[in-house]
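Visitor: only geometry, no sequence info:
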């Protein structure tokens with residue numbers, strides 16, 4: 001998840017094209033991608049330091065759950 005977060009800051013156009021291709025959400029500009037990146041980074045930091053574990057663990061785990 002950290003790699004995807006870093007990608008949003010380094011190559012926001014790539015992240016925008018991923019949202020368009022996989023989630024059918026076109027038109028995400030760099031500003032929106034940066035906001036999403038900041039939110040993901042805060043989530044990851046909260047997860048690492050153990051802040052609100054029922055929330056952060058659940059959100060991080062939901063990103064990796066495969067059904």
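Guide: Received the coordinates, thanks. This is a predicted model, so every value here is computed, not measured.

Visitor: Contacts only, for the residue positioned nearest the centre of the chain.
Guide: By Cα atoms, centre = their mean, the mean C-alpha position of the chain lies nearest to residue 40, the distance being 4.2 Å. Residue 40 sits next to 1, 4, 5, 8 when contact means Cβ atoms under 8 Å, 6 or more residues apart in numbering. C-betas here are computed from N, CA, C, even on glycine.

Visitor: One more pass at 10 Å, please.
Guide: 1, 2, 4, 5, 6, 8, 59, 60, 63 (Cβ atoms under 10 Å, 6 or more residues apart in numbering).

Visitor: isn't the fifth one right next to residue 14, touching?
Guide: No. Using Cβ atoms under 10 Å as the test, residue 6 is too far from residue 14 to be in contact (11.2 Å).

Visitor: can you point me to the longest helix in this structure?
Guide: helix 30-49 (DSSP state H).

Visitor: Show me the contact partners of the helix or strand just after that helix.
Guide: Once the chain leaves helix 30-49, the next helix or strand it forms, by DSSP states H and E, is helix 53-62. Residues outside helix 53-62 that contact it (Cβ under 10 Å, 6+ apart): 1, 40, 42, 43, 44, 45, 46, 47, 48, 49, 50, 52.
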